[in-house]
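Okay, sequence plus prediction incoming.
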Amino acid sequence: MKLATKIIHAGMEPDPSTGAIMTPIYQTSTYVQESPGQHKGYEYARSQNPTRKALEEAFAQIENGKFGLAFSSGVAATDAVIKLLQPGDEVIAASDMYGGTYRLFTRVFEKFGIRFHYVDTTNPENVSAAITEKTRLIWLETPTNPLMNITDIAAVSAIAKKAGALLCVDNTFASPYLQNPLDFGADIVMHSATKYLGGHSDVIQGALIMNDPALREQLYFIQKSCGAVPGPMDCFLVLRGIKTLHLRMQRHCENGEKVARWLRNHPKVGKVYWCGFEDHPGYAVASKQMRGFGGMMSFVLKDDSVEAAKRVLSSTKLFSLAESLGGVESLINHPASMTHASIPREERLKNGLTDSLIRLSVGVEDADDLIEDLNQAIG
């Protein structure tokens, strides 16, 4: 089945009682049982919900996986993966990553005796060098947030398997339309479904997808026991969003390329971070494992000052100054004070995330209007 068809029909089964083509919103907390322990597959809504079940099946299908699990947020999904570990276990993580993930790792899980090593994963040899006998998990973002670095998933998967460690890939920036990490050997794929999967900036949700049934049971136990599950209305919204994922992502990619190339040619713009440039260090790998380069990018002005950056951030009219990404509307963001503020400044600077960096989530508006807006803001 071709990807566009799969995206529209993933998780879809007509409601058996009415024939409704859209999965109903099962707004219930519990289910009546025929007798103690005899039920129709549903006992309590924290454990199971038919709307959530349809969404989880959709997650699995569009990521070429066997099992999907839905969580109340992307951070909750990440939290569940780390809860697979024990005190004393070690994690290798990408040095360039979402600030909320870094905060969860350092301020929540480090105090429980889990150790995190941050390396530049764009060179797989750095991952190999960081492996110890206690390594249990490798955590990747590719492309990374916000510097758009690319990691070879297959190469790191081989390293993980040799070390007996799990590989989890945060696929939020690419979406399943552009990249399927399970196909390259990842054990778990994580999404902030808030972003491209939902696609309309109206829901918070996370997802995990995997192939191993034993791993699914472990993660389902954590999901059920810790209770970070989404409500049925949220599941319905993401199910609805997925149906147009391919259409939206096509426009995100088209607009993203136009905006990135225009920025690169602007006399007041310095470096532009977008993995679709032929001279991007990760271009060859991205071309191998992605079907397109998406609408996420970052840039700095030649006047590399925070003041100049803030003038641009405060001057756009179509690009809204806000956290998050992946919606139909374009967003502009200042990582150092917004999405990545929880990472200490010295760590940000060491990884190349300067105080003047501007991040764009290019939406599906007319690209010429977006370029005109940036042009007047940059001046």
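Done, it's in. Numbering: from 1, shown residues only.

buried stuff in the helix of greatest length in the chain?
Longest among the helix segments of the chain by residue count, using DSSP state H, is helix 245-264. Residues of helix 245-264 classed as buried by neighbour count (16 or more other Cβ atoms under 10 Å): 245-246, 248-249, 251-253, 255-257, 259-260, 262-263. In this view, the C-beta of every residue, glycine as well, is placed from N, C-alpha and C.

TSV for these, including distance to Val156 and pLDDT?
Supplementary listing: the buried residues of helix 245-264 in TSV, determined by distance: Cβ to Cβ, whole Å; pLDDT from 0 to 100:
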residue	distance to Val156	pLDDT
Leu245	26	98
His246	27	98
Arg248	29	98
Met249	24	98
Arg251	31	98
His252	26	98
Cys253	25	98
Asn255	30	98
Gly256	25	98
Glu257	27	98
Val259	30	98
Ala260	26	98
Trp262	33	98
Leu263	30	98
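
Can you lay out these as JSON lines showing distance to Met22?
Below are the buried residues of helix 245-264 laid out as JSON lines (distance: Cβ to Cβ, whole Å):
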{"residue": "Leu245", "distance to Met22": "16"}
{"residue": "His246", "distance to Met22": "18"}
{"residue": "Arg248", "distance to Met22": "19"}
{"residue": "Met249", "distance to Met22": "22"}
{"residue": "Arg251", "distance to Met22": "24"}
{"residue": "His252", "distance to Met22": "25"}
{"residue": "Cys253", "distance to Met22": "28"}
{"residue": "Asn255", "distance to Met22": "29"}
{"residue": "Gly256", "distance to Met22": "30"}
{"residue": "Glu257", "distance to Met22": "34"}
{"residue": "Val259", "distance to Met22": "34"}
{"residue": "Ala260", "distance to Met22": "36"}
{"residue": "Trp262", "distance to Met22": "39"}
{"residue": "Leu263", "distance to Met22": "40"}
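
Nearest to Glu323 among these?
Taking Cβ to Cβ as the measure, Glu323 lies nearest His252 of the buried residues of helix 245-264, at 17.9 Å.

Do I have it right that the closest one meets Glu365?
No: taking contacts as Cβ atoms under 8 Å, His252 lies outside contact range of Glu365: 10.7 Å.

Just the pLDDT at the closest residue to Gln179 other than its chain neighbours, thanks.
Leaving aside its sequence neighbours, Gln179 sits nearest to Met290 (Cβ to Cβ, 6 or more residues apart in numbering; 4.8 Å). According to the predicted model, the pLDDT of Met290 comes to 98.

Roughly how far does Met290 sit from Tyr283?
As judged by Cβ to Cβ, to the nearest Å, Met290 and Tyr283 stand 10 Å apart.

cool, and Val300?
Using Cβ to Cβ, which is the criterion applied here, Val300 is 20 Å from Tyr283.

and those two? which has more neighbours close in?
When neighbours are counted by other Cβ atoms under 10 Å, Val300 comes out ahead of the other of Val300 and Tyr283, with 19 against 15.

thinking again about what came up before, compute the number of surrounding residues for the residue nearest to Gln179.
In terms of burial, Met290 registers 21 neighbours under the definition other Cβ under 10 Å.

try Lys268
The local packing count at Lys268 equals 13, with neighbours defined by other Cβ under 10 Å.

Met233 - how many residues pack around it?
By other Cβ under 10 Å, the burial measure for Met233, its neighbour count, is 12.

Sorry, slip of the keys, the one I care about is Pro14.
By the measure other Cβ under 10 Å, the count of residues near Pro14 is 11.

Convert the C-alpha atoms of stretch 258-271 to PDB, please.
Listed in PDB are the C-alpha atoms of stretch 258-271, where the atom choice follows Å, rounded to 0.1, in the frame of the first residue of the first chain:
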ATOM      1  CA  LYS A 258      11.800  28.100  -0.800                       C
ATOM      2  CA  VAL A 259      12.200  29.900   2.500                       C
ATOM      3  CA  ALA A 260      15.600  28.200   3.300                       C
ATOM      4  CA  ARG A 261      17.100  29.100  -0.100                       C
ATOM      5  CA  TRP A 262      15.700  32.600   0.100                       C
ATOM      6  CA  LEU A 263      17.200  33.100   3.600                       C
ATOM      7  CA  ARG A 264      20.600  31.800   2.400                       C
ATOM      8  CA  ASN A 265      20.700  34.500  -0.300                       C
ATOM      9  CA  HIS A 266      19.600  37.400   1.900                       C
ATOM     10  CA  PRO A 267      22.500  39.800   2.500                       C
ATOM     11  CA  LYS A 268      21.700  40.300   6.200                       C
ATOM     12  CA  VAL A 269      21.400  36.600   7.000                       C
ATOM     13  CA  GLY A 270      24.500  34.600   8.200                       C
ATOM     14  CA  LYS A 271      24.200  30.800   8.500                       C
END
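
all helices of the stretch 101-250 of the chain, in order?
Assigned helices in the stretch 101-250 of the chain, in chain order: 124-130, 153-163, 175-178, 213-226, 232-242, 245-264 (criterion: DSSP state H, counting those that start in this stretch).

And for Lys258, nearest residue in space, chain neighbours not counted?
The shortest distance from Lys258 to any non-neighbouring residue, by Cβ to Cβ, 6+ apart, is to Ala367 (4.3 Å).
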